[in-house]
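>>> Give me coordinates for this.
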Amino acid sequence: MMPLAVMKLGENHMDKVGVIGLGDMGSGLAKNLLRNGFNTIGFDISQERMRNFKSIGGEIAVSVKDIAQKANIVFVMVMTGDQAESVIFDDGLANQLIEGSSIILTATIKPSEAVRIGEKLKNFKLHLIDSPVSGGFAGAQSGTLTMMASGTDAALEKNKKVMQAVSKTIHHVGTKAGDGQTVKACLQSLIGSIFSAIFEASTLAAKAGISGDVLFKVFSTSGASSGVSNTALENIIDRKFEGTGSHIATMHKDLTIVLDLAQELGVPLHTASTAMQLFHAGKTKFPNGDNWIVTRVLEEIVGAELHR
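Below you'll find the model as predicted:
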């Protein structure tokens, strides 16, 4: 595979950018950093992901510490808060980065976990931007993510170009660690609920004998149309339940974060709670599936499937 063509945003840029976590989302960050001319080094525990990154022109690191010793801006795109904290503190990222470097926390974790990371980083002379993202696999790979960035004005200005390289829209949602994660939790509460409504509506249509094509045409041209609902319904009627870049484990984790935050704040979330139970059923029944596979759980109950 040939190295990616380089555009102009990062040309002659002195920064070296690290990406820790080269999965569906992190590989997109790394690819778009390279496309925009940034000198990019990546690390992942998967050797296959590392080889894929190298094949498009990226530099691979031997460890987190290796990235910290070579980069001055580092994206952390891991799965959980425990992993983020381990990467930053146990594996040497914070200790090895030079003074004034930046950590951009793009992983989706609990707000309380981001707050704890922010508190511990106060002992280091580093910038932290708490910036989970939205847009999924497609947005990550195309560089069109929405970033919910929380950090100081100075930190956001310093990292503006590198963040623009991986996103289409950057929202400055706060100044403290945890603010970005809180906004993301609110967003995932909505998205998870929309998904669940689509799964149920699809099953209702299947049982009633309505074709998937008819349902998609009506839904996608109605007031209910959205990128979230259209993508979900299209995958359902085309029976694409795996390999779409939206693994069910991620939304299941995000809804867990949502409900933990709601419990902490004493906020009732009836719809998101129902969505959580549907995703829990889907993940238990089909652990290797993507979000849309929840529909198959409902279809099995009623004995009907929605096809295009």
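
>>> Tell me, how many residues neighbour the spatially closest residue to residue 113 that is not a sequence neighbour?
Spatially, and ignoring its direct neighbours in sequence, residue 113 is nearest to residue 81 (3.1 Å; CB to CB, 6 or more residues apart in numbering). Placement of C-beta: from N, CA and C, glycine included. Applying other CB atoms under 10 Å, we find 21 other residues in the vicinity of residue 81.

>>> which residues sit in contact with residue 81?
Residue 81 makes contacts with 107, 109, 110, 113, 114, 117, as judged by CB atoms under 8 Å, 6 or more residues apart in numbering.

>>> pLDDT below threshold where in the stretch 201-308 of the chain?
For the stretch 201-308 of the chain, not a single residue meets the criterion pLDDT under 70.

>>> And the next helix or strand past the longest helix anywhere in the chain?
Taking residue count as the measure and DSSP state H as the definition, the longest helix of the chain comes out as helix 179-208. Tracing the chain C-terminally past helix 179-208 and defining elements by DSSP states H and E, one meets helix 212-220 next.

>>> That following helix: which residues count as buried?
212, 215, 216, 219 (16 or more other CB atoms under 10 Å).

>>> Quick one: those as CSV, columns for distance to residue 204 too.
Listed next are those as CSV, based on distance: CB to CB, whole Å:
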residue, distance to residue 204
212, 12
215, 10
216, 14
219, 12
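
>>> Sort out which one of these lies nearest residue 196 for me.
Comparing the buried residues of helix 212-220 against residue 196 with CB to CB picks out residue 219 as the nearest, at 14.8 Å.

>>> mind checking how far that closest one is from residue 258?
Residue 219 sits 25 Å away from residue 258, taking CB to CB, to the nearest Å as the criterion.

>>> Next: residue 162.
Using CB to CB, one obtains 29 Å as the distance from residue 162 to residue 258.

>>> Of these two, give the one with the bigger neighbour count.
Ranked by neighbour count (other CB under 10 Å), residue 162 and residue 258 place residue 258 first, with 27 against 23.

>>> now that one, what's its secondary structure?
Of the three states, residue 258 takes helix according to DSSP: H, G, I helix; E, B strand; the rest coil.

>>> That one and residue 189 touch, don't they?
Yes. Under the contact definition of CB atoms under 8 Å, residue 258 touches residue 189, with a separation of 4.6 Å.

>>> Common neighbours of those two, please.
269, 272.

>>> mind checking pLDDT for residue 9?
The predicted structure scores residue 9 at 52 on the pLDDT scale.

>>> same thing with residue 88?
On the pLDDT scale, residue 88 gets 98.

>>> count of residues packed around it?
The tally of other residues near residue 88 (other CB under 10 Å) stands at 27.

>>> any idea how far the spatially closest residue to it that is not a sequence neighbour is from residue 118?
Counting by CB to CB, 6+ apart, residue 94 is the residue found nearest to residue 88 once chain neighbours are left out, at 5.2 Å. When CB to CB is applied, the distance between residue 94 and residue 118 equals 12 Å.

>>> same question, residue 241
Shown here: residue 241 relative to residue 118, a distance of 38 Å by CB to CB.

>>> how many neighbours does the nearest residue to residue 267 once chain neighbours are set aside have?
In space, and not counting its chain neighbours, residue 267 is closest to residue 261: 7.9 Å by CB to CB, 6+ apart. Summarising burial for residue 261: neighbours were counted as other CB under 10 Å, giving 19.
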